[in-house]
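Novice: When you get a sec, could you give me coordinates for this:
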Amino acid sequence: MSIAVENGRRQYDYWVTVYKRTWKGSLISSFLLPMLYLAAMGIGLGSFVDSNGTGALGGVSYLQFIAPGLLASTALQIAVGESTYPVLSGLKWQKFYHSMIATPLRPVDVVYGQLTFIAFRVASTCLVFLGVIAVFGGLHSPLGVLALPVVVLVGMAAAAPVVAFASSLENDSGLAMVFRFGVVPAFLFSGAFFPVSQLPNWIEWLAYLSPLWHGVQLSRDLSLGTVHPWLVLLNLAYLLAWFLVGTRLAVRGFTKKLIG
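Specialist: Sure, this is the predicted structure:
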C-alpha cells in the first residue's frame, strides 16, 4: 500500500499542473452545455410536458424526471472525453506516459493516476451541476445528493474500458467510433429523456446493456426517493463490473505499449 501511495503522490504534481492549464477550456463543455440542456429540456420543453399532466412520469415534473439522467449523461460524456484523445496523445504523440515510467512508476500506477484524475474531473463537474439541479428544484427527495457518487461510478464504468480501447489504437480514427456508436446512442437511449419501456423490445434490451442506463435509473430512484435496495445493489454491481474489467484491460494495454 505504501508503494501505491508513494507512486500516486509522484503523479499528483503532474495532474494538478495539467488541470491548472486546461480547466478554463473545459468550462463550456463541462458546465455550460449541461446547464443549457437542463434549462432547454427540463424547463422549456418540460413546461409543455407538464401542461398535459404528469401521470405518465409518476406524478413528478419533467424537470425532476430528466435531471438525474442529464447528470449521469454528463458524467459519462466527461469521462469518455478524458479517456480518448488525452490518453492516445500520452501514448502516441506527446508520450508523457513514457516519461512517467522512466521513474519508479509502473504502468499500473500510470493507469491508476489517469483514472483518478478522470474521477476528479467527473466529480467536480457533477457536484456543480447537482447544485444547479437543486436550485432549479430538480431534486424531489433529499436522497438525490447521493446521486453524486453514483454518477462518478458511471463515469468510471465508461472511462476504464475506453482507456483500455484507446491504449490499443495506433491512430485516432477509432476514437470517432466511440462517440458516434457509443456515447451518442447511449445518451439518446439511456432513459434520460423518456422511459426505455416505450422503445421496441430489441432496442429496449440493448439499452439495458448500457452502463449509462443503470446509472440513470439509480440516480433517478435516489432523486425521486423511490429506492429499492435490491435494484440498487444490482445497478451498482453492474457498474462496478464495467469499471473493474475495464481497469484490468487498461493496465494490460498500457503495459504492452509502455514496456512491450
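Novice: Do I have it right that Q64 meets A134?
Specialist: No. Taking contacts as CB atoms under 8 Å, Q64 lies outside contact range of A134: 11.1 Å. Every residue, glycine included, has its C-beta placed from N, CA and C.
Novice: Give the residue from those two that has the larger number of neighbours.
Specialist: A count of neighbours by other CB atoms under 10 Å puts Q64 above the other of Q64 and A134, at 26 against 15.
Novice: Okay, and that one sits in which element?
Specialist: If you go by DSSP states H and E, Q64 is part of helix 62-83.
Novice: immediately after that helix, which helix or strand?
Specialist: Sequence-wise, the next helix or strand beyond helix 62-83 is helix 85-88, with elements assigned using DSSP H and E.
Novice: Can you get me a residue count around S73?
Specialist: By the measure other CB under 10 Å, the count of residues near S73 is 26.
Novice: how near is it to G155?
Specialist: Counting by CB to CB, to the nearest Å, the separation of S73 from G155 is 10 Å.
Novice: before we move on, what about N171?
Specialist: The gap separating N171 from G155 is 25 Å, by CB to CB.
Novice: Comparing those two, which residue is more hemmed in?
Specialist: The residue with more neighbours, out of N171 and G155 and counting by other CB under 10 Å, is G155; that gives 33 against 8.
Novice: Isn't that one up against A79?
Specialist: Yes. Judged on CB under 8 Å, G155 makes contact with A79 at a distance of 3.5 Å.
Novice: can you list residues touching both of the two?
Specialist: Common contact partners of G155 and A79 (CB atoms under 8 Å, 6 or more residues apart in numbering): 118, 122.
Novice: Stretch 136-147 - what's its average pLDDT?
Specialist: When pLDDT is averaged over stretch 136-147, the result is 89.
Novice: ok, residues contacting that stretch?
Specialist: 38, 42-43, 60-61, 63-64, 67-68, 71-72, 130, 133-134, 218-219, 222-225, 227.
Novice: Give me the contact list for stretch 243-260.
Specialist: Taking CB under 8 Å, 6+ apart as the criterion, the residues outside stretch 243-260 that touch it are 91, 97-98, 101, 107-108, 110-111, 115, 153, 156-157, 159-164, 167-168.
Novice: Please spell out which residues along the helix or strand that contains G8 are buried.
Specialist: When elements are defined using DSSP H and E, G8 is found to belong to helix 2-22. Within helix 2-22, the residues scored as buried using 16 or more other CB atoms under 10 Å are 7, 11, 15.
Novice: R10 and P104 touch, don't they?
Specialist: Yes. R10 is within contact range of P104, at 7.4 Å (criterion: CB under 8 Å).
Novice: and K95, what are its phi and psi?
Specialist: phi 60, psi 40 (degrees, to the nearest 10).
Novice: any idea how far it is from T116?
Specialist: K95 is 20 Å from T116, where distance means CB to CB.
Novice: repeat for R21
Specialist: In this structure, R21 and T116 are 18 Å apart, going by CB to CB.
Novice: helices and strands around the very next helix or strand once past the helix holding G8, which ones?
Specialist: Elements were assigned by DSSP H and E; along the chain past helix 2-22, the next helix or strand is helix 27. Secondary-structure packing of helix 27 (3 or more CB pairs under 8 Å, 6 or more residues apart in numbering; DSSP states H and E): no helix or strand packs against it.
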